[in-house]
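**Student:** Have a look at this fold, sequence not included:
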């Protein structure tokens, strides 16, 4: 009996919360288990969506409409006269002046506060997502990868190299290994990167001319077909 | 690693599902959020206080004005941070430039975009200005306006869009939006009220206290719209071209 | 009467979206998936109008429909442009690799 | 089935005198149902057609036309009275229709172009025969 009632309470009457929990867990799992930084960001977005859905569903009331006044409650009274409906006794006196709604009428509108909170949350979510994407791009430029384990390996290697070189050893005497200043790492990683990039660049410049030719060849063959 | 991370996730899921039993049912009228005096005050008194039919706009721009102002500042700071992160990164870009594909703008897409971009911009103004009576407001109008510039950047290339709306101008417009918002707040403070107490603007505007709040809300939304437009476009331009502002997506 | 019509139309749309979702899941190429997403996005504008009719506030929901169709168009253009670029980038990289192998 | 029940409902409504502007409503209902039929064509085409370009043909055309018809039908159905508000509503719905008329073909064109640059070649008759043979062998 107890088991069944829990089941019906959870999966029949509160199905929406189950959906949000599943969405949230998908997002959390992506953030924890995926190695790719972009996939982690996608997980973060899914997590955020679950939270937003949860808040919006709190605002739902049965038999209620969206939180914008209906024409009969419009403060300016320009759209339609109340003309003695259920609220007629109150509004008949001053048709044009706005009136505070009564308890019964308040039940007819959804709660606006969660909508406002989520509106701002969405905007801030976009801003943080943009910032995170920018950081990811910078990481890719610096290290050539956005896979987490490769990134950690490269960081370790850069750390070791930094600890071997005498100039940086003086600087970091007091610090522990993990506290290596980020600028040193960035320099080392960047330095390695530039030499690689230079090598690549020369080979690419050589290849460029032939690629252009081959692409035009491809186009022509397409056109013939 | 994947299996290891499943353990806390299952634990969290179980906890959340266990807690979900105590939550109100779907659409419950008696739920704490719907029964709270804050909610019923917002629903019942918005018309009296501000004469704005759209409660969401009223709560966003008036009752929670501080929140929205710093929200706008957050958007502005995010745009500036993206600019600062990607601006100095010319080193990585050289790697990509050799690759650039000869992507000439498509005739059909450019002509369609030429037709609909003005429509989108007018619609964005409508959404921004009509946000008091229909769904809309500063954020939504700003996003639509930013989308029109992004559409230009997509169908031609980024240089064309940036030549219309350069990043420096973007940041100036974004800052201008915040200045408009804060300026309205400061103006109401100078007129004897508190910060963002729009009702005091009745001394400047030839309207009643409620209508002063109504019109001040429109000004505030315009400020928000400026900032969001500029930052949306700046984010797209910087992220799609890795900070070089050339070629783009 | 109008509500009946809206309900029938909404149910019909919902049922007919299922084959398209099947195509999104199965689609041999990525373009099939994007095409399916685009179709569903266009139909969502209609669904928004239907929901507005059911709630009796169409004049509010039409704005949503217009905005949604607009952003759907932007998304389709973004995706096609992005795929166009990444594909040619990949092609070039593959060719470079082949070239390097031949040289070595 | 749906058409039959719709007609029954419509007849009942006419007898009761519920329907205000009948011709407009009937045109609206009819165009909505026609739009649904076109969308059925799109759905079937998306599943049944063999390669990407034929699917795009089904999606691009059927989707645009069915969306326009359905929205137009709803625009006519919601014309309850000829007040300013309902005219505004009709104009807004017409704006959505115009927008979809312009943008959906364009986006499918852009997708088609992207696919063509990707060396996704259209299926020829020989390919079709081959795939049919394969399917028969599988069965």
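**Tutor:** Yep, it's here. All values reported here derive from a predicted model rather than from experimental measurement.
**Student:** can you pull out the helices in chain C?
**Tutor:** Under the criterion DSSP state H, chain C contains helices at C:2-26, C:30-55, C:58-103.
**Student:** In contact with the residue of chain D at minimum distance from chain C, which residues?
**Tutor:** In chain D, the residue found nearest to chain C is residue D:107; the distance is 3.5 Å by Cβ to the nearest Cβ. Backbone N, C-alpha and C define where each C-beta goes, glycine included. Contacts for residue D:107 (Cβ atoms under 8 Å, 6 or more residues apart in numbering or on different chains) come out as C:38, C:72-73, C:76-77, C:80.
**Student:** Distance of it relative to residue D:100?
**Tutor:** 10 Å (Cβ to Cβ, to the nearest Å).
**Student:** Same check on residue A:71?
**Tutor:** Distance of residue A:71 to residue D:100, given as Cβ to Cβ: 29 Å.
**Student:** Look at those two and report which has more neighbours.
**Tutor:** Higher neighbour count among residue A:71 and residue D:100: residue D:100, with 25 against 14, using other Cβ atoms under 10 Å in any protein chain shown.
**Student:** Isn't that one up against residue D:67?
**Tutor:** Yes - at 5.3 Å, residue D:100 counts as touching residue D:67 under the criterion of Cβ atoms under 8 Å.
**Student:** shared neighbours of these two, which are they?
**Tutor:** Common contacts of residue D:100 and residue D:67 (Cβ under 8 Å, 6+ apart): C:42, C:45.
**Student:** So in chain D, which helix runs the longest?
**Tutor:** From DSSP H, the single longest helix across chain D is helix D:84-117.
**Student:** what's the closest non-adjacent residue to residue C:35?
**Tutor:** Nearest residue to residue C:35 in three dimensions, chain neighbours excluded: residue D:59, at 5.2 Å (Cβ to Cβ, 6 or more residues apart in numbering or on different chains).
**Student:** What strand or helix carries the closest residue to chain D within chain B?
**Tutor:** With Cβ to the nearest Cβ, the shortest gap between chain B and chain D falls at residue B:112, namely 4.2 Å. Using DSSP states H and E, residue B:112 sits within helix B:107-129.
**Student:** Can the helix or strand of chain C with the lowest mean pLDDT be said to contact chain D?
**Tutor:** Lowest by mean pLDDT, DSSP states H and E among the helices and strands of chain C is helix C:58-103, with a mean of 80. Yes - using Cβ under 8 Å from any Cβ of the partner chain, helix C:58-103 reaches chain D at C:58-59, C:62-63, C:65-66, C:69-70, C:72-73, C:76-77, C:79-81, C:83-84, C:87-88.
**Student:** next SSE after the helix or strand of chain A with the lowest mean pLDDT?
**Tutor:** The least trusted helix or strand in chain A, going by mean pLDDT, DSSP H and E, turns out to be helix A:88-91, with a mean of 41. Counting by DSSP H and E, the element after helix A:88-91 in chain order, helix or strand, is helix A:103-106.
**Student:** Quick check: mean pLDDT of that next one?
**Tutor:** Over the span of helix A:103-106, the pLDDT mean works out to 78.
**Student:** Please enumerate the helices of chain A.
**Tutor:** With helices called from DSSP H, chain A shows them at A:2-8, A:15-33, A:37-58, A:88-91, A:103-106, A:112-143, A:148-164, A:166-171, A:182-224.
**Student:** Any idea which residue is closest to the centre of chain D?
**Tutor:** The residue lying closest to the centre of chain D (Cα atoms, centre = their mean) is residue D:66, at 1.7 Å.
**Student:** Can you tell me how far that one is from residue C:43?
**Tutor:** The gap separating residue D:66 from residue C:43 is 8 Å, by Cβ to Cβ.
**Student:** what is in contact with those two at once?
**Tutor:** Counting by Cβ under 8 Å, 6+ apart, the common neighbours of residue D:66 and residue C:43 are residue D:39.
**Student:** Out of the helices of chain C, which gets nearest to residue B:71?
**Tutor:** Closest approach to residue B:71 among the helices of chain C (Cβ to Cβ): helix C:58-103, 20.5 Å.
**Student:** how many degrees apart are the closest one and helix B:107-129 in direction?
**Tutor:** Angle between the axes of helix C:58-103 and helix B:107-129 is 140 degrees (criterion: axes from the mean of the first three to the mean of the last three Cα atoms, to 10 degrees).
**Student:** Which elements pack onto helix C:58-103?
**Tutor:** When contacts are defined as 3 or more Cβ pairs under 8 Å, 6 or more residues apart in numbering or on different chains; DSSP states H and E, helix C:58-103 packs onto helix A:182-224, helix B:107-129, helix B:138-155, helix C:30-55, helix D:84-117.
**Student:** Let me know which of those is tucked in deepest.
**Tutor:** Comparing the helices and strands packed on helix C:58-103 by mean neighbour count (mean count of other Cβ atoms under 10 Å in any protein chain shown), helix B:138-155 comes out on top with a mean of 24.
**Student:** Quick check: buried residues in the helix or strand just after it?
**Tutor:** Following helix B:138-155 in sequence order, the next helix or strand is helix B:158-164 (DSSP H and E). Neighbour-count burial for helix B:158-164, with 16 or more other Cβ atoms under 10 Å in any protein chain shown as criterion, is recorded at B:158, B:161-162.
**Student:** which ones are touching the nearest residue to residue D:122 once chain neighbours are set aside?
**Tutor:** Excluding its sequence neighbours, the residue lying closest to residue D:122 (Cβ to Cβ, 6+ apart) is residue D:53, at 4.8 Å. Contacts here follow Cβ under 8 Å, 6+ apart; on that basis residue D:53 touches D:112, D:115, D:122-123.
**Student:** Residue B:13: which of the buried residues of helix B:158-164 is nearest?
**Tutor:** Residue B:13 has its nearest neighbour among these in residue B:158, at 43.3 Å by Cβ to Cβ.
**Student:** That closest one against residue B:240, yeah?
**Tutor:** Yes - between residue B:158 and residue B:240 a contact is recorded at 6.8 Å, counting by Cβ under 8 Å.
**Student:** Weed out the non-buried ones from the residues of helix C:58-103 next to chain D.
**Tutor:** Among these, those buried by neighbour count (16+ other Cβ under 10 Å) are C:58-59, C:62-63, C:65-66, C:69-70, C:72-73, C:76-77, C:79-81, C:83-84, C:87-88.
**Student:** worst average pLDDT in the helices of chain A?
**Tutor:** helix A:88-91 (a mean of 41).
**Student:** Point out where chain D drops to low pLDDT.
**Tutor:** For chain D, applying pLDDT under 70 flags the ranges D:1-21, D:134-139.
**Student:** what does it put close to chain B?
**Tutor:** By the rule Cβ under 8 Å from any Cβ, the part of chain D lying against chain B is D:99, D:102-103, D:106, D:109-110, D:113.
**Student:** and chain A, which of the residues you listed contact it?
**Tutor:** Near chain A, judged by Cβ under 8 Å from any Cβ, there are no entries from those.
**Student:** Turn those residues into CSV, columns for distance to residue D:83.
**Tutor:** What follows is the residues of chain D next to chain B, written out as CSV (distance: Cβ to Cβ, whole Å):
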residue, distance to residue D:83
D:99, 25
D:102, 29
D:103, 30
D:106, 35
D:109, 40
D:110, 41
D:113, 46
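**Student:** now the residue of chain D closest to chain C, nearest residue through space, not along the chain?
**Tutor:** Spatial nearest neighbour of residue D:107, chain neighbours left out: residue C:76 (3.5 Å); criterion: Cβ to Cβ, 6+ apart.
**Student:** Surely the one you found touches residue C:40?
**Tutor:** No - with contact defined as Cβ under 8 Å, residue C:76 does not count as touching residue C:40 (11.6 Å).
**Student:** mind listing what the residue lying closest to residue C:48 once chain neighbours are set aside touches?
**Tutor:** If the residues on either side of it in the chain are set aside, residue C:48 comes closest to residue C:65, at 4.3 Å by Cβ to Cβ, 6+ apart. Taking Cβ under 8 Å, 6+ apart, we find residue C:65 in contact with C:45-46, C:48-49, C:52, D:71, D:96.
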